[in-house]
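# Got a sequence here, can you build the structure:
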Amino acid sequence: MHIAIAGNIGAGKTTLTKLLAKHFKWEPHYEDVVDNPYLDDFYHQMERWSFNLQIYFLNSRFRQVQQIRESGKKIIQDRTIYEDAYIFAPNLYSMGLMTSRDFDNYTSLFELMELLVKPPDLLIYLRSSIPNLVGQIHKRGREYENSISIDYLSRLNERYEAWIQTYTKGKLLIIDVDNINFVDNPEDLGDIISRIDAELNGLF
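Numbers count the residues shown, from 1 in each chain. Below is the predicted model:
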């Protein structure tokens, strides 16, 4: 079984992945942020490193999805391959931070990969407002994220909402994270767990 968590930068994907993995005894697969050799360069010079970064993420995520399916285990994944292709890469292109040539090359590669990728059994989307994202980003204090602009986050949020409105690849659970605290409030986490149980087991 493959569960995936989607959402903008700072929405709480990694934290919720850890909590759900612990509760359900699922194996967590995290986004490759620590070992990503392009991320720091990208945030300092987006136009120069956008294509390299997106190809790195695409390769990493494709490898992850293949491993998830081959393992036969119950796995929860922090961010999906679709977010790279439908949100981050098109956003960079529309902002003039990726050339048409690179974007076409990237899109062609993703379309080829998508033929070999099975969607998650359940996609959990963490919906968040911009002020909440900004607060979470500042709270975790990653130095390379200091240069992320509100405009950039807003553009990503718009693309996330558009993508989720048209998502039909499998079961979808939308969680509005603005007014809940699943880290410090056990009731909020319990509510999320109950909703996931209902989606997976068909309970109401």
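
# can you pull the pLDDT of the most centrally placed residue in the chain?
Relative to the mean C-alpha position of the chain, the nearest C-alpha, by C-alpha atoms, centre = their mean, is the one of Arg79, at 2.8 Å. Predicted confidence (pLDDT) for Arg79: 92.

# The one 3 residues further on now?
According to the prediction, Tyr82 has pLDDT 96.

# Can you list the buried residues in the helix ranked longest in the chain?
Counting by DSSP state H, the longest helix found in the chain is helix 46-71. Residues of helix 46-71 classed as buried by neighbour count (16 or more other C-beta atoms under 10 Å): 46, 49-51, 53-58, 60-62, 64-65, 68. Placement of C-beta: from N, CA and C, glycine included.

# Give the other helices and strands that that helix contacts.
strand 27-29, helix 39-44, strand 75-78, helix 81-83, helix 89-94, helix 100-114 (3 or more C-beta pairs under 8 Å, 6 or more residues apart in numbering; DSSP states H and E).

# Where among these is average confidence lowest?
Comparing mean pLDDT over the helices and strands packed on helix 46-71, the weakest stretch is helix 39-44, at a mean of 86.

# I'd like the distance from that helix to the chain centre, please.
18 Å (C-alpha atoms, centre = their mean, to the nearest Å).

# One more: stretch 94-114?
Between the centre of stretch 94-114 and the centre of its chain there are 18 Å (C-alpha atoms, centre = their mean).
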